[in-house]
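K.L.:
Could you look at this predicted model? Sequence included:
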Amino acid sequence: MAFVKITDRHVVRPARPSPRRALFLSAIDLMCLTMPHNRRLLFYKAPVDSGPKHSEIVQRLKEALSETMAHFWPLAGRIRPSSAFDAEVHGDDVGAGDGRIWLECNDAGAELLEASVEGISFEELEATEFREAQPLFMNLVPWIDPSEYTTAPPLHVQISRFDCGSLALGIAHSHVICDGASLWHFLTSWAEIARREKLSLKPVNERTLLRLENPSAEKAFLIAENVQEGNQSGTGEKMELEVLRFSKEMVSKIKERAGGKCSSYEAVCAHLWKHVTLLRRHPSDQKVSFIHAVNTRTRARPPLPAGYFGNAAMWVVTVATAGELMKEDISVTANRIHATLESCDYRAWNGFLHWLEVHGTDDVFARCMMNGVRLRSSSSARFNVFGVDFGWGPPMAVRCPCMELAGKVTFFPSPAGFGSMELTMALPASAMRLLVSQLHMNS
C-alpha cells in the first residue's frame, strides 16, 4: 500500500525584509475567507543521471522560494482581524476596530515539508497517466483547516520524493491571498529564480486598487439568479474523478460545430454541459447552470496591472432548463455561455465590488450556487502550468489532489501542446463512464 512519510519541516522566510505593514484585503479577497486552501499537485520526472542530487534540489527550491517571497511578500504574512493591529504601528485605518480582516506583513514565512513516497513507484503513476490514486494524492499536498486562517501560513509546500528520484510538488495556498492567475504567476516566478533568471513579470502587491471609497447600494448588483436548487449528485452512487482529455483536433471540431465567435473554452463548456445534462436525466423543466470564474484584470477601468497579485475574479452564471439544453444545437448553448461572459464588463465588475462591500461576502457563493443543478469551472487552460520548470524540465502532469464536489470542472492545459486541454471533474461512477465514451464518440 502506498503511503507518504513526512521527513522534515521548515519555515521559509523572505530573503529580505518585507515592508512591515497591514495590507488592505479587497472584498474579492475576503469573499474567499471560508474557502479551504487551494491545492495543486505537480509531478516531475527525475533529472538525468548527471543532474543534481535530491538534497541539492531541495536546497535550491528552498533558496529560490525565499528569494521569490521577497517579491511576493504577502505569502509570508498572516491574516488578522483589525482588532489584532496596533494603530500606532499600523495606522488609524486598521485600528478602527470595524472587524475587517487585513493581512499582517510580518515575514512569518511559509511552511515547507519534505516527504518520501513508499509502496508505489513513479513509473506506476506515469503508466496510469497520473490518474487519481487515493489516499496517496491527498497526502502529497498539505491540508489546512480553513477555520485556522489566523494562525496558518498562507502558503504550504510539500516536496515528496519517489525512490527513483522523481518528485511530487504539492502546493496549498490561502485563496484570500491570491486567485489562480496569481498562483501560477508566483509558481512560474519561483521556477525562474530557481533557474537563476530574472522575473519576467514582477508582482504588484498593492490591493487598494480594488478599494471603494464610497460603496453604494445603488451601484451594487450581482449577476446571479435565485432559482430552485436541484439534487446535485442525482444518486447515492460512489463518485468517480476523471481526467478528460481534449486534443487540439477535438477542440477544433467542437469549435467548428459551436460556430460563431465562441472561444475554445465556451465551445468545450457547451459540449460538456449538454452531455452531462443528458446523462443526469433531469426533468425537462429542471433549472441547470454553469458557473464561470472570470478573470477581470483587463475588464477593470483602468485595467489592473498585468502583475496584479491577489484576487481579481468574479463569478457569473449561465442558466437554462434541462429540456432546452437537450433539444438545442450546441451553437445555441455556446452562445448562451458567450453572452454570459460578454456581460462581464466594467459595469458588472464595479457592481460586483459594490455588492460585496454593501451586502458582505458571507453568502455570495450560496447565491451563485442557487442556480439549479450545476457545473462550475475553475482554473484555466491558459495558465502557464508547464512553465513551472525549476531547471530539470517541466512537470509531466498537473492535478487536483483530491476528488472535488460533483460538477466542479477544473481546466488545465495539456502536455500535448497548444490548443489541447485537460479537464478534471467528478460524477457518479456510471455517469462518468458514459460521459467518457460519449465525449470522444461525439467529438
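P.N.:
Now that the structure is in, tell me what you want to look at.

K.L.:
Now for L209: which residues touch it?
P.N.:
A300, L304, P305, Y308 (Cβ atoms under 8 Å, 6 or more residues apart in numbering). Where you see a C-beta, it was placed from the backbone N, CA and C, and this is true even at glycine.

K.L.:
where's it relative to F309, distance?
P.N.:
With distances defined as Cβ to Cβ, to the nearest Å, the gap from L209 to F309 amounts to 11 Å.

K.L.:
Over to V385?
P.N.:
Where F309 is concerned, V385 sits at a distance of 18 Å (Cβ to Cβ).

K.L.:
neighbours around C164, how many?
P.N.:
For C164, the number of neighbouring residues by other Cβ atoms under 10 Å comes to 11.

K.L.:
Same question for Q134.
P.N.:
If you count neighbours by other Cβ under 10 Å, Q134 ends up with 12.

K.L.:
quick one: the host helix or strand of E56 to chain centroid distance?
P.N.:
Element membership of E56, judged by DSSP states H and E, is helix 54-69. In terms of Cα atoms, centre = their mean, to the nearest Å, the centre of helix 54-69 is found 24 Å from the chain centre.

K.L.:
Would you mind pulling the contact partners of it?
P.N.:
Judged by Cβ under 8 Å, 6+ apart, the contacts made with helix 54-69 from elsewhere in the structure are 10, 12-15, 47, 52, 75-76, 109-110, 112, 114, 155, 157, 159, 161, 165, 167, 186, 189-191, 193-194, 390-392.

K.L.:
Helix or strand next in line after the lowest-mean-pLDDT helix or strand in the chain, which one?
P.N.:
For the chain, scoring each helix and strand by mean pLDDT, DSSP states H and E identifies helix 87-90 as the least confident one, at a mean of 57. As assigned by DSSP H and E, the chain's next helix or strand after helix 87-90 is strand 101-105.

K.L.:
domains for this structure, by residue range?
P.N.:
Listed domain ranges for the chain are 3-210, 239-441 (source: automatic domain parsing).

K.L.:
May I see those domains organised as a markdown table, with distance to A220 added?
P.N.:
A markdown table is the format used below for the domains of the chain (distance: least, Cβ to Cβ, whole Å):
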| stretch | distance to A220 |
| --- | --- |
| domain 3-210 | 11 |
| domain 239-441 | 4 |
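
K.L.:
Tell me which of those sits nearest to A217.
P.N.:
Closest of those to A217 is domain 239-441, at 5.0 Å (criterion: Cβ to Cβ).

K.L.:
Identify the residue spatially nearest to L113, adjacent ones excluded.
P.N.:
Of all residues beyond its chain neighbours, the one nearest L113 is Q158 (4.3 Å), with distances taken as Cβ to Cβ, 6 or more residues apart in numbering.

K.L.:
SS state for that neighbour?
P.N.:
Three states are possible here, and by DSSP: H, G, I helix; E, B strand; the rest coil the one that applies to Q158 is strand.

K.L.:
I'd like to know the beta-bridge partner residues of it.
P.N.:
Here Q158 sits in beta bridges with L113, G170, going by DSSP bridges.

K.L.:
and if you look at W315?
P.N.:
Beta-bridge pairing of W315, defined through DSSP bridges, involves A293.

K.L.:
So it is in contact with S289, correct?
P.N.:
No - applying Cβ atoms under 8 Å as the test, W315 and S289 come out as separate, 10.9 Å apart.

K.L.:
Compare these two (neighbour count), which wins?
P.N.:
Summary of the neighbour comparison: W315 and S289, criterion other Cβ under 10 Å, with S289 having more neighbours (25 against 21).

K.L.:
these two touch, right, the more buried one and V316?
P.N.:
No - because the distance of 10.3 Å does not satisfy Cβ under 8 Å, S289 is recorded as not touching V316.

K.L.:
part of a helix, is F221?
P.N.:
No - secondary structure assignment places F221 outside any helix; it is coil (three-state DSSP).

K.L.:
Look up which helix or strand the closest residue to E266 other than its chain neighbours falls in, please.
P.N.:
Counting by Cβ to Cβ, 6+ apart, I337 is the residue found nearest to E266 once chain neighbours are left out, at 4.7 Å. With elements delineated by DSSP H and E, I337 resides in helix 330-342, which encompasses its position.

K.L.:
got the contact list for W273?
P.N.:
Taking Cβ under 8 Å, 6+ apart as the contact definition, W273 lies against V288, F290, L325, T333, I337, L375.

K.L.:
One more pass at 6 Å, please.
P.N.:
If a contact means Cβ atoms under 6 Å, 6 or more residues apart in numbering, then W273 has F290, L375 as its contacts.

K.L.:
Export the strand or helix carrying it to PDB, keeping only CA atoms.
P.N.:
Secondary structure assignment for W273, by DSSP H and E: helix 264-280. Extracted in PDB, the C-alpha atoms of helix 264-280 (Å, rounded to 0.1, in the frame of the first residue of the first chain):
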ATOM      1  CA  SER A 264     -12.400  27.200 -27.100                       C
ATOM      2  CA  TYR A 265     -13.500  27.400 -23.500                       C
ATOM      3  CA  GLU A 266     -17.000  28.400 -24.400                       C
ATOM      4  CA  ALA A 267     -17.300  25.600 -27.000                       C
ATOM      5  CA  VAL A 268     -15.900  22.900 -24.700                       C
ATOM      6  CA  CYS A 269     -18.100  24.000 -21.800                       C
ATOM      7  CA  ALA A 270     -21.200  23.900 -24.100                       C
ATOM      8  CA  HIS A 271     -20.200  20.400 -25.300                       C
ATOM      9  CA  LEU A 272     -19.700  19.100 -21.700                       C
ATOM     10  CA  TRP A 273     -22.800  20.800 -20.300                       C
ATOM     11  CA  LYS A 274     -25.100  19.200 -22.900                       C
ATOM     12  CA  HIS A 275     -23.600  15.700 -22.300                       C
ATOM     13  CA  VAL A 276     -23.700  15.900 -18.500                       C
ATOM     14  CA  THR A 277     -27.300  17.200 -18.500                       C
ATOM     15  CA  LEU A 278     -28.400  14.400 -20.800                       C
ATOM     16  CA  LEU A 279     -26.700  11.700 -18.600                       C
ATOM     17  CA  ARG A 280     -28.200  13.100 -15.400                       C
END
